[in-house]
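**Student:** Need coordinates for the following:
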Amino acid sequence: MTSEPPAGPSSAGDATPSAGDTAPSAFNFSSVDLPKPGDKLVLDGKEVTVLSPVGRNGRPLRSKLFEVGVMFEPRTDEGQDFLCCVPIPDSATGKTRRCGALLKIPKGSLGNPLRHVKKKHYDAYCCISKESLAKKDRDHAKAPSEKRKRARGEDGETSGQGGQSRPGFSGNFGGQKGLDLGRRCVAFCCNQLLPLDAAGKESFTAFVRFIGRTGQVKLLRTVTEATSSLYYLLEREAHERQEALVGQIGDLESQFYWGLPFLDVSVDHRFVPVPAVRISFRNERGKVEEAVLVGGATSAARLRQQDSDQALEAGVRDIFGEYGLEGAYPRLVQRLSVVQGGERRPLGPPATRSAYISGYLNHDAGRSREEVLRVFEDCCERKGLRDDLCKEMDAYESLARGGGGGDGLPWDAAAFFGRQAEAESSGEGRFPLIFRLACSVQLTGEAPQDALQTTREVRIIQAKDFIVEGYDGEFGTVEELTRRTLFIKHNSGLAKGHP
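**Tutor:** Next comes the predicted model:
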C-alpha cells in the first residue's frame, strides 16, 4: 500500500522558542499514526520504504524517538531519511495529521530529529526523553498541598516505594529568576559535593546576605523551601546537559568534521564509584573540550573488567547508548584507550587513520599524501573536495619543507596549527581542510589525563555524604542521584548560562 502523508513542513530548519521552562501537557503515544516497517510512502514525489530502526552495526536502535517517527529508504534528493509522525492539528480540516517533517540522520546520529522534536513538539519530546520531564513539569505546577505518586518505569525513573504517595513540590520558584537561582544552587552543590539541602541552610543564606546579595535572600528561601524542588532541578539539569552534549557532538560532526572521526575516548578506572568514560575533542576553533560520562549498572559492570578489552569496549558502547550517543560509537571515535595507573593503554586495533594523518602532517618519511586522501574521502561526507585538499597539500608541503618560513628549522606541525588556532577566529586559516584533519587527531596535544577527583572528593563519594540525610528514594536510587551529581560536576562546560 502506497500513501502520501498529509502536507506538512518538509524540514525542521526554522526554530521556535524552546518550551523548556513551560509546563507541557500530556502526550498520548496511541495518537501517533506510525507507519510499520515495510510500508510504502510517497515523500517529496519519491516512493520510499519504512525501515526498522536498526543501527549501522545491525543492532536495534533503542531510542524512544522511533515511537514518534520512522526511518526510510531511499533518501530524498536532499538526503533526508527520517519522517516525523507526531500528530499536529490541521487548520484546514480541524483534524490531526502527521507533522511530516523530513530530517537527516547523518550516519546514525539522532541529533537532528531530537532537536526538531524538542523545538516543535515539546510534549512529545518530554515523554520520549529518559528523564520524563513532562511528568515532572506537570507536578511542578501543582498546588503545595497536593501529594504526588511516581512509579518506576522501564526508562529507569524512580518513585515512592510500593506506590506510596510522596510529598510533592509546589513549583513556586518565584518566576524565571527563581528557577535560574535554583539551578545555580544545584550546580553549586554538585560542584562542591554538598547535600542539596545545604542551599537552604541559614548559614548559606547568611553568606548570600554578607556578600551583598540581600535582594536574593527571599528568593533563595522560596526556591529551597522544599528539597524536592531541588531534586527536580537536579534531574532536569543533568538531562539538559546530556542533550547539550549530544547536540554539540552532532553539530561538530555535521558542520565542521563532516563525518571525520574526532573523538578521543578513554576509560578511567581511577574514578569512583564507577569507572568514567572521558571524551575529548577539538571544537571548530581548535580548542580542546572534554566531557565525562558516568555509567549505569550495565556499563559499569563491564567497565570494571580491566583484564578484558572486549568487555571494556562493550562497556564504552553501552555508556554511549545511555547518553543518547549510540550513533557516534565507534563511527566518530578516532582513538580508544584505558587509563591504568596514570598511563594510557590502547584498546582495540591500532588507529591507522590517525597514524596516517599525524604522520603526514608531521612531515614523517613514508607517510604519503595518498594515504591521507584515501582516509579523507572514505570518511568525509562532503564529496568533490579532493582537488581542494590537494591544493592545500601542495602549499602545506612547500611550507613544511622550508621549516615554516624558510629558516631551515625542523617542521613542528603541532606548533604551527596551534598558532593557526590562536591567529584565526575560526582556527582554519590558510588550510581549512588540513586544519580539520589536524583537529580530528588532536595534533596540537590531547586532553590531559590527570585524575578527576581529589582524595577528599573520593572520601565524600564513598561515604555518600553528599546525599541528603534521610533521603527516601523518591527521585531515584542513591546510585542514580550519584550519577546525575557527578555528571553535572564534571561537565560544567555544558551548562546554559550558569556554572
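**Student:** excluding its backbone neighbours, what's nearest Phe27?
**Tutor:** If the residues on either side of it in the chain are set aside, Phe27 comes closest to Asp123, at 4.1 Å by C-beta to C-beta, 6 or more residues apart in numbering. In this view, the C-beta of every residue, glycine as well, is placed from N, C-alpha and C.
**Student:** Contact partners for Leu34?
**Tutor:** Glu67, Val68, Gly69, Val70, Cys85 (C-beta atoms under 8 Å, 6 or more residues apart in numbering).
**Student:** and it, helix, strand or coil?
**Tutor:** Counting by DSSP: H, G, I helix; E, B strand; the rest coil, the backbone at Leu34 sits in coil.
**Student:** Pull the contacting residues for the nearest residue to Thr224 once chain neighbours are set aside.
**Tutor:** Distance criterion C-beta to C-beta, 6+ apart; nearest residue to Thr224, sequence neighbours excluded, is Gly200 at 3.3 Å. Going by C-beta under 8 Å, 6+ apart, Gly200 touches Leu220, Arg221, Thr224, Glu225, Thr227.
**Student:** how many neighbours does the third one have?
**Tutor:** Thr224 is surrounded by 21 other residues when neighbours are defined as other C-beta atoms under 10 Å.
**Student:** Hmm, Cys185 and it touching each other?
**Tutor:** Yes - the pair Thr224 and Cys185 qualifies as a contact (C-beta atoms under 8 Å) at a distance of 6.6 Å.
**Student:** returning to that earlier point: now do the same for the residue nearest to Thr224: its pLDDT.
**Tutor:** pLDDT for Gly200: 86.
**Student:** For it, give its distance to Leu234.
**Tutor:** 14 Å (C-beta to C-beta, to the nearest Å).
**Student:** Now for this protein, the helix or strand with the poorest mean pLDDT.
**Tutor:** In the chain, no helix or strand scores lower on mean pLDDT, DSSP states H and E than strand 147-148, which sits at a mean of 26.
**Student:** give me phi/psi at Pro89?
**Tutor:** With angles defined as degrees, to the nearest 10, Pro89 shows backbone torsions of phi -70, psi 140.
**Student:** Tell me how far the lengthiest helix in the chain lies from the chain's centre.
**Tutor:** For the chain, the helix with the greatest residue count under DSSP state H is helix 227-252. Relative to the chain's own centre, helix 227-252 is displaced by 9 Å; criterion: C-alpha atoms, centre = their mean, to the nearest Å.
**Student:** Now do the buried residues in the next helix-or-strand element following that helix.
**Tutor:** Beyond helix 227-252 on the C-terminal side, the first helix or strand identified by DSSP states H and E is strand 263-268. For strand 263-268, the neighbour count (16 or more other C-beta atoms under 10 Å) marks Leu263, Asp264, Val265, Ser266, Val267, Asp268 as buried.
**Student:** Now do strand 263-268 against helix 227-252, angle only.
**Tutor:** Interaxial angle, strand 263-268 versus helix 227-252 (axes from the mean of the first three to the mean of the last three C-alpha atoms, to 10 degrees): 140 degrees.
**Student:** Strand 263-268 packs against which elements?
**Tutor:** Contacts defined by 3 or more C-beta pairs under 8 Å, 6 or more residues apart in numbering; DSSP states H and E place strand 263-268 against strand 276-282, helix 309-322, strand 333-340.
**Student:** okay, these, which one's buried deepest?
**Tutor:** Comparing these by mean neighbour count (mean count of other C-beta atoms under 10 Å), strand 276-282 ranks first with a mean of 24.
**Student:** Which strands border the next helix or strand after that strand, and is each parallel or antiparallel?
**Tutor:** From strand 276-282 onward toward the C-terminus, using DSSP H and E, the following helix or strand is strand 288-294. With DSSP bridges as the test, strand 288-294 is paired with strand 276-282 (antiparallel).
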